[in-house]
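K.L.:
the following block contains a protein sequence and its predicted model.
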Amino acid sequence: MWFIRKNLASHAYAIVFFILFSICLYITFYDKKFPTTSPISIPLITGRTNISPGPYLDVHLDLATNWAMCQKHDYLIIYVLSTITNVQRRQVIRSTWGSKQKDVCFVFIVGQVSGTTENAGEYQLKINNEKREHHDVVQIDHFESYANVIYKEIAALKWANHFYPDIPFLFKTDDDLIVDTILVSSIGKVLVTNVSLRDSFLVQNRPNLVSTIISSNRETFFRGGWAMDYQPTLRSGKFGVSEKVWPHAVLPHYCSGFGWFMSKNIREHLVNASLIYPIEKAAWIGDVFVSGFLANAANVKCTGLEIDFDQTNSANCSCLMVNNPMLTVCSSSFHSGGGGTEMERYLEYQKAWQVIQLRHNSSDRKIGAC
């Protein structure tokens, strides 16, 4: 019996040794025939210009640090493209046309401050404080530049699509404009409810607009105040588009960046199209790209809406709004230049906001001559 157990033990050891040897041999052979590599991780690159690590547009937006700030029952997101250094301007907007409205969410979209900018660290500290205090700032990981506005545009849609896929409508504008957001919100409300009271501001001043909204397709709603047709393609300067990007003499149809509405369905189409949009075919002009080039790629179209815009150099939007009750977006002196001191420019926002409130709240809706 002892002899049998000894032989069995020897056989067992031999079998174990053979199995272990076979495993080692297999691993060695497998590694030589099919070498394994660790997955390559692409680091998050901040301060980007118009360069992506791959062939497609690469919008870097940290969704962990740009948390949600709207309410799920909101029916409209008004997103405002801003520059990180415009701290005081955002504060003025929060107290004027960007002040809180029922079921409407205001969001500012900013970039990264360049390391060469004076007091760069101070501005980043300020934006961090703004995020904590106001919960209305989304910051992308790209340097502030005119070309990088297209990243802001797409990031705003990407952010909304991620956190609030069910908020039905969005409106886009810029922080150097003065906007009748009460009127914008009213349009959004009609889009959601399909109802407009007979004595409403919209019905009294532009009944055809109400009819247009009510009869529109909500799924494909993508409309702005200035629909641009047959705009010549410039080849140089700030608005230049190379022949490699667009060989045609006329730009694709687009809407002015002063302001446009879009449905959540359009937003989703644009976000999806951006993921596979070739970077070498990008036009680095915010409104032209998003509502023109990207819209074409997404097979959607931004068309006109009967609201009034004014790109003025008068530095007096309040008077223009008195004279035209349907003037919805007016360029401030920050947009056009001039307008006196910085404080006088901020005063322009406050005066125009007073007119906007009066035009919507006055019982007879008549404001004295300007």
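P.N.:
Cool, the structure landed.
K.L.:
can you list the domains in the protein?
P.N.:
Domain assignment for the chain, taken from automatic domain parsing, gives 1-36, 76-307.
K.L.:
which one of those domains is the most hemmed in?
P.N.:
Most buried of the domains of the chain by mean neighbour count (mean count of other CB atoms under 10 Å) is domain 76-307; its value is a mean of 18. For glycine as for every other residue, the C-beta is placed from the backbone atoms N, C-alpha and C.
K.L.:
returning to that earlier point: mind telling me which of the domains of the chain the model trusts least?
P.N.:
Mean pLDDT is lowest for domain 1-36 out of those, coming in at a mean of 40.
K.L.:
what about the nearest residue to residue 161 once chain neighbours are set aside, distance to residue 360?
P.N.:
Nearest residue to residue 161, sequence neighbours excluded (CB to CB, 6 or more residues apart in numbering): residue 271, at 5.0 Å. Noted for residue 271: a distance of 33 Å to residue 360, by CB to CB, to the nearest Å.
K.L.:
re earlier: phi and psi next, for the residue nearest to residue 161.
P.N.:
Residue 271 adopts backbone torsions of phi -60, psi -50, taken as degrees, to the nearest 10.
K.L.:
do residue 210 as well
P.N.:
Residue torsions, per degrees, to the nearest 10, at residue 210 are phi -60, psi -40.
K.L.:
chain center to the longest strand along the chain: distance?
P.N.:
With secondary structure taken from DSSP state E, the chain has its longest strand at strand 104-112. Remark: strand 104-112 is offset 8 Å from the chain centroid, using CA atoms, centre = their mean, to the nearest Å.
K.L.:
stretch 71-88 too?
P.N.:
9 Å.
K.L.:
if I look at the residue nearest in space to the middle of the chain, how far off is residue 275?
P.N.:
Centroid-nearest residue in the chain, with CA atoms, centre = their mean: residue 156, separated by 2.5 Å. Note on residue 156: its distance to residue 275, by CB to CB, is 15 Å.
K.L.:
residue 82 too?
P.N.:
25 Å.
K.L.:
what packs against the longest strand of the chain?
P.N.:
Strand 104-112 sits against strand 76-81, strand 137-143, helix 149-163, helix 181-193, with contacts defined as 3 or more CB pairs under 8 Å, 6 or more residues apart in numbering; DSSP states H and E.
K.L.:
next SSE after it?
P.N.:
helix 120-134 (DSSP states H and E).
K.L.:
the helices in the stretch 151-300 of the chain, which residues?
P.N.:
181-193, 201-205, 207-215, 264-275, 286-288, 295-298 (DSSP state H, counting those that start in this stretch).
K.L.:
quick one: which of those helices is nearest residue 59?
P.N.:
helix 264-275 (6.8 Å; CB to CB).
K.L.:
how far does that closest one sit from the chain's center?
P.N.:
For helix 264-275, the distance to the chain centre is 11 Å (CA atoms, centre = their mean).
K.L.:
using PDB, list the CA coordinates for it.
P.N.:
Output in PDB follows, covering the C-alpha atoms of helix 264-275 (Å, rounded to 0.1, in the frame of the first residue of the first chain):
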ATOM      1  CA  LYS A 264     -33.900  69.100 -28.500                       C
ATOM      2  CA  ASN A 265     -34.200  67.000 -31.600                       C
ATOM      3  CA  ILE A 266     -32.100  69.400 -33.600                       C
ATOM      4  CA  ARG A 267     -29.600  69.700 -30.700                       C
ATOM      5  CA  GLU A 268     -29.100  65.900 -30.700                       C
ATOM      6  CA  HIS A 269     -28.600  65.800 -34.500                       C
ATOM      7  CA  LEU A 270     -26.000  68.500 -34.300                       C
ATOM      8  CA  VAL A 271     -24.100  66.900 -31.400                       C
ATOM      9  CA  ASN A 272     -24.100  63.500 -33.200                       C
ATOM     10  CA  ALA A 273     -22.900  65.200 -36.500                       C
ATOM     11  CA  SER A 274     -20.100  66.900 -34.600                       C
ATOM     12  CA  LEU A 275     -18.600  63.600 -33.400                       C
END
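K.L.:
thanks again, I'm all set now.
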